[in-house]
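**Student:** let's see this in three dimensions:
(one chain, ligands or ions: 1)
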Amino acid sequence: MKFDAPATTNPIDRLTIVGQPVDRIDGPLKTTGTARYAYERHDIAPNAAYGYIVGAAIAKGRITSIDLAAAKAAPGVLAIVTADSAGKLDKGSKNTAKLLAGPEVQHYHQAVAVVVAETFEQARAAAQLVHVSYQSERGTFDLAAERDTAKPAKVMSDPGDSSVGDFAAAFAAAPVKIDETYSTPDESHAMMEPHASTAMWEGDKLTVWTSNQMIAWGVQDLAKTLGIPKENVRLVSPYIGGGFGGKLFLRADAVLAALGARAAGRPVKLTLQRALVFNNTTHRPATIQRLRIGADRDGKITAIGHESWSGDLPDGKPEGAISQTRLLYAGPNRMTATRLAVLDLPEGNSMRAPGEAPGMMALEIAIDEIAEKLKLDPVEFRIRNDTQVVPDVGEASSKPGNSTATKQLPFSQRQLIECMRIGADKFGWDKRNPQPASVRDGRWLVGMGVAAAFRNNMLTKSAARVRLEQDGTLVVETDMTDIGTGSYTIIGQTAAEMMGLPLQKISVRLGDSRFPVSAGSGGQWGGNNSTAGVYAACVKLREAVARKLGFNSAEAEFEGGEVRAGNRRVPLADAVRDGQIEAEDGIEYGDLQKKAQQSTFGAHFVEVGVDAATAEIRVRRMLAVCAAGRILNPKTARSQVIGAMTMGVGAALMEELVVDKKVGFFVNHDLAGYEVPVHADIPHQDMIFLDETDPMSSPMKAKGVAELGICGVAAAIANAVYNATGVRVRDYPVTLDKLI
Ligand code: MOS
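**Tutor:** Residues are numbered from 1 along each chain as shown. I've put the predicted structure just below:
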């Protein structure tokens, strides 16, 4: 189905099941431990051996020799694979570094060998006996030190640097201005379930049960890496214990499980040991960001410039920290620039709202700073600089899948002002004292902070297959993944609404490359696009059922397990008396995105307390108000935003991969040293969705929602800390040592 005009009324609008806060249909499977994750496929591969990866002990250089004798002789060892024995391996198309090193080592803990043994313990013990000799080379590991060597770089499909009006002249002439530099650290996804795969060969056909957000990308890259036809690869990933961008791409666990299984002649299961999750996979790259904002005395932005520096391996990608600055606030004179340095740290890539999450961490402090200079309330300042059209005229304004902006491109929906006003009202913003360090509650200095939230809504094609079976069940199959987000549930709700069946009658099957290719889970595009694909398949199934039952499909209504038109009502079950009916279709988008910029908006309000003696920082209250199109399930969507806000607290106060600048690796590579917030860190947390539908986004009229919840949070906290203490911290995370 092609979707290239604003959506009209359709069966989803009934909202009898879609839009309801129903419980997750996969909840019982997860809470009872019966959902099988990638490392638990004893059911299908009972004789699986265990793989264990040896990671490189240097960050840059060459492997001169590998002595496998002792490891091979160790108890239980079945096979050892290194680059020498693996045969020709392609790099794949999505990763910058190779997933099996040799002879070149590109980063610390890059896989050097996989040891396969009868038990996990035997594989681990033998891995310690693999003796690798290296010739190491000097690497670069320090972004600040390499900043001046950074080169212009493009953020995904954006055209690179942007310039509108005359930024330099306008900034120079601005009566009120700020020019500040901010920094964000390297961060790790740190999901609960480490990357894991169980691989099994049947002849030249490979099946991998894995933990991956994007099935079709994974199949493509696994086939390319191994040099085998795509048709011979099946990837299955029905349950995922968190991804956050770290499982968007094929990783070493899948490749080395497959190579290990081939060498051992047995299925192999392999999980990245926790340390390798941090140094073997991708991470969010550190950034240095310079913001220059000039305003007139009425509080209108006249000039806004945002430059971002980040680093990656040679031929790598920059962090797109400037993206939101092209879209969020008005102002006639603007510039953005992205610079990329070469760093020999593990590969940088997408994590939890790449681009906007770290970009908003800087931009939204800068906005607070200029508002303060203007003696304007920061909520009022943001409202005064709202724009209903894309301000970055003449340049591409967004991410892949989105369009090139033309003059006066409107936003499809933009309720930033509403989010700000409602949030301010509900949070009690009027009680904030604009004078920093002036509110005391016992030993606590108390402050409030605000930030906007912004994240784009990306449209990408997505397909599904639906089948009405003779027992009255409707089966939905799509390779869409559920990374803990609620995909099973909203897809089930969509099919139930479309077919007029109760949710209990829908069986949702996800995450298998045998199913039609979906949008997958990433960039907050999963919910809207994957349900729109199911919608399209259901439209086709309705037509087939109507035809079968002798209805005019334009008139037929599907409700209460019946097909109805005029006075005629026929049980849906009648259509499948003599056999099941199946339909397959997908949603594809025309040039709708050229007619309007699609983004999601919100406002974050935070109250913090800072201990007057120790500078310990505590979040006391948080509120987010989000405008993100139709909310398909207020319960799962709310959970997504609450989770995202929690990650925002991590980014503000705790999360930081500490770089060993001599050896070149992340030191705190475990969940003890890499701290993330827990329930006790955030006593009061709430969020509100505005009642919004966006007919430009899809027939679902929904949008991305999850990543919006993280964007802006950290800055709201930093701004609250400033309001509490009068100390402006521009270097994340905001830890107590930076306040004293
Ligand atoms: Mo997301 S970081 O695009 O999985």
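**Student:** make it CA atoms for all contacts and neighbour counts henceforth
**Tutor:** Will do.
**Student:** contacts for the helix or strand containing residue 206, please.
**Tutor:** Assigned by DSSP states H and E, residue 206 falls within strand 205-210. For strand 205-210, the surrounding residues in contact (CA atoms under 8 Å, 6 or more residues apart in numbering) are 37-39, 41, 195-201, 232-237, 254, 258.
**Student:** near the ligand too, which of these?
**Tutor:** Filtering the contacts of strand 205-210 for neighbours of the ligand using CA under 6 Å from any ligand atom leaves an empty set.
**Student:** next step: the residues you listed restricted to strands.
**Tutor:** Applying DSSP state E to the contacts of strand 205-210, the entries found in strands are 196-201, 233-236.
**Student:** which among those gets closest to the ligand?
**Tutor:** Ranked by distance to the ligand (CA to the nearest ligand atom), the ones in strands among the contacts of strand 205-210 are led by residue 196 at 16.7 Å.
**Student:** ok, the closest residue to residue 167 other than its chain neighbours to residue 452 distance?
**Tutor:** Nearest residue to residue 167 in three dimensions, chain neighbours excluded: residue 333, at 4.6 Å (CA to CA, 6 or more residues apart in numbering). Look at residue 333 and residue 452: by CA to CA, to the nearest Å, they are 21 Å apart.
**Student:** with residue 583 instead?
**Tutor:** In terms of CA to CA, residue 583 sits 43 Å off from residue 452.
**Student:** between those two, which one's more packed in?
**Tutor:** More crowded of residue 583 and residue 452, by other CA atoms under 10 Å: residue 452, with 29 against 20.
**Student:** mind checking the SS state of that one?
**Tutor:** Here residue 452 is strand, with the state taken from DSSP: H, G, I helix; E, B strand; the rest coil.
**Student:** let me see the contact set for the closest residue to residue 365 other than its chain neighbours.
**Tutor:** In space, and not counting its chain neighbours, residue 365 is closest to residue 715: 5.5 Å by CA to CA, 6+ apart. Applying CA under 8 Å, 6+ apart, we find residue 715 in contact with 360-362, 364-365, 450-451, 652.
**Student:** same deal with residue 591?
**Tutor:** Neighbouring residues of residue 591 by CA under 8 Å, 6+ apart: residue 4.
**Student:** per-residue pLDDT, it?
**Tutor:** pLDDT, residue 591: 88.
**Student:** cool, residue 158 as well?
**Tutor:** pLDDT for residue 158: 68.
**Student:** likewise residue 57?
**Tutor:** So, for residue 57, pLDDT stands at 98.
**Student:** which stretches of the stretch 351-500 of the chain have low pLDDT?
**Tutor:** 393-407 (pLDDT under 70).
**Student:** how about the residues of it by the ligand?
**Tutor:** By CA under 6 Å from any ligand atom, the residues of the stretch 351-500 of the chain that approach the ligand are 351-354.
**Student:** most neighbours among these, please name it.
**Tutor:** residue 352 (28 neighbours).
**Student:** residue 421: what's it in contact with?
**Tutor:** residue 379.
**Student:** check which helix or strand covers it.
**Tutor:** helix 416-427.
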